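Novice: Quick one: sequence and predicted model below, then my questions.
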Amino acid sequence: MLTLRDTSPAPSPARPRPRRQASERRPFRDNPLLIVVGIALLVTALAATLTFGSRSSRFSPDFLTEFVLYALSAADLAMILALVFVLARNILKLMVERRRGLPFARFRSKLVGVLLGMTLIPSVLVLFVGSELIRTNLDRWFNAPMEEIVASANRTAGDYYRERQKLVSDTSQRIALALAPLGFPDADVTRVFEVIKPEVAPLRTSMVEVYRVVLGRGPRPDVSAVAEVRVPSFPPDYNRVSADRLAERVASGSAETHGFEPLGGGGELLRSAAPVRGRDGRLAGVVVASDYLTGEMADRSRRMTDAYEQYSKLKVLKSNMFGVYISFFLMVTLMILVGATWIGFYLAKRITRPIQMLAAAARDIGAGHLDHRLEPETSDEFGALVEAFNAMTGELSNSRQDLERSAQDLQRQHQEVEARRRYIETVLERITTGVVSVDAAGRVTTINSAAARLLGLQGAGAGQPVADLLGRTDLSLLLALVEGARGGAQDPPAQEIALAHDGREVHLAAAATRLHGEGGATEGTVLVFDDITPLIRAQKVAAWREVARRLAHEIKNPLTPIQLCAERLARHFQSAPPPTRALVEECTKTIVGEVESLKGLVDEFSQFARMPAPKRIPTNLPTLLADTLALYVGLFREVKIDTLAPPDMPLVRVDPEQIRRVVINLVDNAIEAMERKGQIVIEVQHAAVERVARIIVADNGPGIPASEREKLFMPYYSTKRRGSGLGLAIVRRIIAEHGGSIDAADNVPRGTRFIVELPV
Amino acid sequence: MMKPLLAGVLLPLVASLVLLAAMGGPVRAANEVDLQVKLLAKDGHVQVSFTLTHGFTSELQAAIRSGLTATIAYETELRRGGTLWFDRTLATATVTATARYDNLTRQHQLSRTVDGRGEEPRLTEDEEQVREWMTVFKQLPLFSTKQLEENAEYYVRVRARTRPRVNWLLFWPWEHGAPTGEARFTLIQ
């Protein structure tokens, strides 16, 4: 039989439950020695009960009715109570277990039911059949022929005794009558012997005793033996006490004249007494005649009577005997039932408990408590099952530990990779270099915001084919670069690629590089490109500044002699004829005017070439704007200038004079573009996140085509008839010297917006 | 599971117990036997006379004829009633009458004891005398009047127990329906 111990650490999987202490008492159901002792006691009790029951017919009636029946009934009631208790307790437990939905409760109920049925039905049947058998046997004991036989034997013995008694009685009365004339109590003893001797003979009267009775001497008559005659065969151990007592009773007037005296050596004396009357008719003596029944005769008669009495006693106590047997039988049945019931529940529990524990352990293990262990206490199949279970649990525990270690390694690696990815992503997002990575299948895996911004790819994302991403016409060179890297044997050389989108020309320095895996296989391509437009612009500006410087130097030097010569010519031809003088004056005036114009132009060139470094001080832009715009008050009646500025605009470190020049330049351009009629809105903004301050100058003029916007900031580009083309170039340079940027865009609904961004 | 268990186990068990109880034997009617008690306070004693009518039953006669020693024990109690508490027992006495029949000599040996003190046994062949010996008792001076209060009401209760018991009830060995009689008296000096 299996016994299991749950050694699992149920509350905490990390802490094993302590093993049971050696001093802890073992439950009865788990102690084979106690079970064997219990079964032995039960068998002993059954054997004792059966032995006791088989001897019940020999019990005395009082013992039978006053002890045995009480004890048996009490035992039966105790057994019934025990059975009811065991049944009720276990049935309630089963019901509770089933209601709680405990595992194997239904199976246990069925098992117990089957075991109980297998025990109860035969037991009850045996009880009924046995009861009927007992009743039938008892009835058979007391059948009519048997009763007739024992009654006849008893009558025969009784009749024999009565006949001998009557003979003795007749003898005693005859002798009493014969002795009366002798004059008792003073009769001659010799004559008494003469009277009684003839009466004493074998097969008639074995002994005659004569007593003298003297009345009046006390409360009781004085009785004394006078004569005694016996046959020679009379038993030598005869004691006369019983004869004396009988004589005294008769002398006292008792009606009891008969008596029986069993003898120690066997045999029996039948006595009969008769009063002897004196001459006055008063009681004067007593004759006691005795008949000796030999031992064999008396014994035979007594046995016949005993047999009858035994039979009659059993018949009288028939219902009691039946009760005793039924009680015995019921007790045995109840003992078997109680034992079988208990064993049934015990077996059910013993069978299901290990399975329940295994199921509970499996649930516990399923919940993650892999330290759960069961302690096998037997080496049978259940023990092997438990060992296998524990081995499985151990392997699971080891596997889980390995998995946990692997998971921790993976998690650590994942964290490292993730950190690296975040780092790279951050770098990619922060750098101004555009990066597009393509996998081996030609799908974009990465595209940073700089790439999307530079390429004008709004909404572009990973996963789409690179051919689609760079499918635009102006991006064809980039696509060709990528394809060249993917398909070629070597990485293609870096290229400078000019793109034009949104009316702007963007210069990119692009390079495509293949990505190699561990085995050297190509895993993809990465396209890297930098916006070199500012660099190009700076190069152009530097070139133009050099040109301007040289122009200023080369042009300005001859201007003064030209002007002086023209003025000399004009003075020289003061005295010339009027037509000549007029012509000369007109020409010299033109020359001087153009020279002055060229001087102005050269001055602007010089200024452009020698732009001083800004002297930055904290400046309140709205105040600066207000002061600057105050110059326009009243100048242009049909131009409306509005300003917008936040109240909490922070101070910006700028050169106020240069920024004032920027604003004047932009406002002048706007007024010129609107042909001095329209509205200009100048707005100051603070982008705290981007840490920039914006100055937006918007007009509602005709606007600037997108294709012309990039050229706006190029030197010597002007849409005005008399413009030098250096205004916006200087503006851009000032803004660039401040670390900011300037851009032009369409105004809504019409016009142009110049957006100046200055770092805060 | 419970229904089959009830139907298969408990109901047959209860049915079998009821059936076995029904097989136990006849139950004696309570009104067959009557115990009449008469009292007389005389010579410093409460003299108790009682007669067990119909107490010498055929079962008892059969038991006697079978040679069993038959005994009727009369447990007498002198009690005083209480209004607020249980009645108080002042004295008790047990009178037993025993008869034993010898089928060989066809004689009954009769004896009586009062609280264990016996009289000289008697022999008789008359069964009527046996019946009277066992059931009729006259003026037994069982209790002294010295301890009794004047003008107080007392009663004597007598309960007869017959042995051997031959009317055993299955599963209920305890005696039931023992005849009881009582008589009340007021002591007037």
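Specialist: Looks like it arrived, so ask away.
Novice: Just give the number of residues close to A:Ala289.
Specialist: Neighbours of A:Ala289 under the rule other C-beta atoms under 10 Å in any protein chain shown: 30. Every residue, glycine included, has its C-beta placed from N, CA and C.
Novice: Which neighbouring elements make contact with whichever helix or strand it is part of?
Specialist: According to DSSP states H and E, A:Ala289 maps onto strand A:283-293. Contacts defined by 3 or more C-beta pairs under 8 Å, 6 or more residues apart in numbering or on different chains; DSSP states H and E place strand A:283-293 against helix A:144-179, strand A:207-214, helix A:241-251, strand A:268-277.
Novice: Which residue ranges of chain B form strands?
Specialist: For chain B, the strands defined by DSSP state E cover B:34-42, B:45-53, B:70-80, B:88-102, B:107-114, B:117-118, B:122-124, B:136-144, B:153-163, B:180-186.
Novice: For A:Asp746, give me phi and psi.
Specialist: phi -70, psi 140 (degrees, to the nearest 10).
Novice: can you check A:Ile447 too?
Specialist: Taking degrees, to the nearest 10 as the convention, A:Ile447 sits at phi -150, psi 120.
Novice: just checking, it touches A:Leu469?
Specialist: Yes: taking C-beta atoms under 8 Å as the definition, A:Ile447 is a contact partner of A:Leu469 at 7.3 Å.
Novice: Using the three-state scheme, assign A:Ile742.
Specialist: strand (DSSP: H, G, I helix; E, B strand; the rest coil).
Novice: ok, and the helix or strand in chain B with the lowest average confidence?
Specialist: helix B:11-22 (a mean of 39; mean pLDDT, DSSP states H and E).
Novice: Tell me, how many residues neighbour the residue of the stretch 601-750 of chain A found nearest chain B?
Specialist: Distance from chain B to each residue of the stretch 601-750 of chain A (C-beta to the nearest C-beta) is smallest for A:Val689, at 74.7 Å. Using other C-beta under 10 Å, the number of residues around A:Val689 comes to 5.
Novice: for the one 4 residues further on, same thing?
Specialist: Look at A:Ala693: counted by other C-beta under 10 Å, it has 22 neighbours.
Novice: which strands and helices sit next to the strand or helix carrying it?
Specialist: A:Ala693 is located in strand A:692-699, with elements delineated by DSSP H and E. Judged by 3+ C-beta pairs under 8 Å, 6+ apart, the packing partners of strand A:692-699 are helix A:621-629, helix A:656-673, strand A:678-687, strand A:752-759.
Novice: The residue at the greatest distance from the centre of chain A and A:Lys589, how far apart?
Specialist: The centre of chain A is farthest from one residue, A:Pro577, which by C-alpha atoms, centre = their mean lies 124.9 Å away. Separation of A:Pro577 from A:Lys589 (C-beta to C-beta, to the nearest Å) stands at 18 Å.
Novice: In terms of helices and strands, where is the residue nearest to A:Ile326 when sequence neighbours are not counted?
Specialist: Nearest residue to A:Ile326, sequence neighbours excluded (C-beta to C-beta, 6 or more residues apart in numbering or on different chains): A:Ser131, at 5.7 Å. For A:Ser131, the host element (DSSP H and E) is helix A:105-141.
Novice: Against which helices or strands is that helix packed?
Specialist: Using 3+ C-beta pairs under 8 Å, 6+ apart, helix A:105-141 sits against helix A:69-100, helix A:318-366, helix B:2-5, helix B:11-22.
Novice: most tightly surrounded among those?
Specialist: Highest mean neighbour count of these: helix A:318-366, a mean of 20 (counted as mean count of other C-beta atoms under 10 Å in any protein chain shown).
Novice: what angle separates that helix from helix A:105-141?
Specialist: 170 degrees (axes from the mean of the first three to the mean of the last three C-alpha atoms, to 10 degrees).
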